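J.: need a structure here:
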Amino acid sequence: MTIEIKIEHSTNKKEKPASMDGVVFGTQFTDHMFILDYDAGQGWHDARIVPYQPIMMDPAAKVFHYGQTIFEGLKAYATEDGRVLMFRPTKNIERLNISNERMSIPEVDPELALEALRQLILTDREWIPEGEGNSLYVRPFVIATEPTLGVSPSRQYKFMIILSPVGAYYAEGINPVKIFVESKYVRAVPGGVGMAKTAGNYAAGLKAQEGATELGYSQVLWLDGVHRKYIEEVGSMNVFFKINGIVVTPALNGSILSGITRDSIIQLLKHWDIPVEERILSIDELEEAHKEGKLEEAFGTGTAAVISPMGELNWQGEKMVINEGKTGELSAKLYETLTGIQKGVAEDPFGWTLEVKA
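T.: Coordinates of the predicted model:
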């Protein structure tokens, strides 16, 4: 298919950060953005790249009132040999449309979405920061824009992509974090929207996160919303535990987001012939494994951090220290391998990276 994307170049370029040191995640944005409109009866139309700017919206736009919105997150990397790589972008586009379907938003053509990513990243290529751990964070999202207060799916939408240069997640090296196991609040339930990457999931987690932060913990470990005992996610990341030599991660059940990093970790483990299981895992089983000395490692996985080791869990006042609070051997190996593939310095046996070129 022929995909036409109009490009309006910015005539007022922003000043780029001299260094990514000290730049807070998601606070700097590039010179351009992508916009695609949808109208019922016409479909998606008017694909364009324009200077980064505020968007004008009616106060009655449905996104403000009923939360009909979804988003994605992925990265582009500058390699040592001058190439630009994206990591598994087709999986993000696939998940974007899964989220769209759950939130009653029309599907975005995957080829158009991929071409939009390519052209926008090329347009702002000079914004991709070089250096260890640096990357260009890519945020595609869809918002409902029809100005009416009727409770029904919107008949108008905008699909947009913005870019943000980000520094290394671990400025001083990968270090374990302390996690508070949440027992009062829940994030999602099967049949709800936990499997969609939609704004409400993240808003629902803020209260618990505030409480954990006040107690000195970095993230919340979420339990299921029905039995309040089965482990689901950690913060906004998928979670893995190495128990007696076997890596266990909660099975996708309709309330857990299908992470691209999660899937990549599972494939890497199988590639290395390391036993990995996707199944239900209770906090009681985890507590018992810790008491028996079988809980060897724990880590979260996601786009921003890639791997986030966990050094301590607090469950109902009991502190479970994991691997003496140190980063585990497997966690470190997974981090080095995956980031190496993303930056084009390690072998990519899976064909995960896609070069962005004119």
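J.: How much space separates the residue with the largest distance to the centre of the chain from E355?
T.: Here the centre of the chain is the reference, and by CA atoms, centre = their mean the most remote residue is E292, at 33.6 Å. E292 sits 47 Å away from E355, taking CB to CB, to the nearest Å as the criterion. All C-beta atoms are positioned from the backbone trio N, CA, C, and that covers glycine.
J.: just V306 next, same as before
T.: Distance, V306 to E355, using CB to CB: 20 Å.
J.: between these two, which one's more packed in?
T.: Per other CB atoms under 10 Å, whichever of V306 and E355 has more neighbours is V306, with 26 against 11.
J.: those strands in the stretch 1-150 of the chain, which residues are they?
T.: Using DSSP state E, counting those that start in this stretch, the strands of the stretch 1-150 of the chain run over residues 6-7, 32-39, 43-51, 69-71, 74-78, 84-87, 135-144.
J.: List the buried residues in the third one.
T.: Spelled out, it's strand 43-51. Applying a neighbour-count criterion of 16 or more other CB atoms under 10 Å, one finds 44, 47-49 buried in strand 43-51.
J.: Same question for the longest one.
T.: Buried positions in strand 135-144, judged by neighbour count with 16+ other CB under 10 Å: 135-144.
J.: Most widely separated two among these?
T.: Farthest-apart pair in these is S135 and A144; separation 29.7 Å (CB to CB).
J.: Quick check: the gap between the residue farthest from the centre of the chain and G344.
T.: Distance of E292 to G344, computed by CB to CB: 42 Å.
J.: which one of the buried residues of strand 135-144 sits closest to L268?
T.: Of all these, L268 sits closest to S135, with 19.4 Å by CB to CB.
J.: my guess is that closest one meets I121, correct?
T.: No - taking contacts as CB atoms under 8 Å, S135 lies outside contact range of I121: 11.2 Å.
J.: which residues are common contacts for the two?
T.: Common neighbours of S135 and I121 (criterion: CB atoms under 8 Å, 6 or more residues apart in numbering): 76, 128.
J.: Around D124, count how many other residues there are.
T.: Neighbour tally, D124, other CB under 10 Å: 21.
J.: Tell me the predicted confidence for the residue nearest to E296 when sequence neighbours are not counted.
T.: Excluding the flanking residues, the one nearest E296 by CB to CB, 6 or more residues apart in numbering is K242, at 4.4 Å. Per-residue confidence (pLDDT) for K242: 98.
J.: give the contact list for K242.
T.: 248, 295-298, 328, 330 are the contacts of K242 under CB under 8 Å, 6+ apart.
J.: And for H290?
T.: Applying CB under 8 Å, 6+ apart to H290 gives the contacts 313, 320, 322.
J.: Tell me what M33 is bridged to.
T.: Counting by DSSP bridges, M33 is bridged to V50.
J.: how much space is there between it and G300?
T.: Counting by CB to CB, the gap from M33 to G300 is 30 Å.
J.: quick one: low-confidence ranges for the chain?
T.: Applying pLDDT under 70 to the chain picks out residues 1-2, 170-173.
J.: In it, which helix is the longest?
T.: Criterion DSSP state H: the longest helix present in the chain is helix 199-214.
J.: can you pull the contacts of the nearest residue to V321 once chain neighbours are set aside?
T.: Ranked by CB to CB, 6+ apart and with sequence neighbours excluded, the top spatial neighbour of V321 is E312, at 5.2 Å. Contacts for E312 were tallied using CB under 8 Å, 6+ apart; they are 176, 178-179, 319-322, 325.
J.: Identify all contacting residues around the strand or helix carrying T301.
T.: Assigned by DSSP states H and E, T301 belongs to strand 295-302. Strand 295-302 is contacted from outside by 219, 233-245, 259, 261-262, 265, 286, 289, 307-310, 313, 320, 322-323, 328-331, 334, using CB under 8 Å, 6+ apart.
J.: Direction-wise, compare the helix or strand following that strand with helix 199-214 and give the angle.
T.: For strand 295-302, the following helix or strand on the C-terminal side (DSSP H and E) is strand 306-315. Put simply, strand 306-315 runs at 60 degrees to helix 199-214, going by axes from the mean of the first three to the mean of the last three CA atoms, to 10 degrees.
J.: so what strands line up beside strand 306-315?
T.: Strand 306-315 has its sheet partners listed here by DSSP bridges as strand 177-181 (parallel), strand 295-302 (antiparallel), strand 318-321 (antiparallel).
J.: what number of residues lie near Q219?
T.: 24.
J.: Look up which residues are beta-bridged to it.
T.: The residues listed as beta-bridge partners of Q219 by DSSP bridges are I179.
J.: Please work out how many residues are found near the closest residue to I260 other than its chain neighbours.
T.: Using CB to CB, 6+ apart and skipping the chain neighbours, the partner closest in space to I260 is K91 (4.7 Å). K91 is flanked by 18 other residues according to other CB under 10 Å.
J.: Could you do K13 as well?
T.: K13 has 12 neighbours, counted by other CB under 10 Å.
J.: quick one: contacts for it?
T.: Contacts for K13 were tallied using CB under 8 Å, 6+ apart; they are D31.
J.: follow-up on the earlier one: so M33 and G300 - more neighbours on which side?
T.: Using other CB under 10 Å, the more surrounded residue of M33 and G300 is G300, with 27 against 22.
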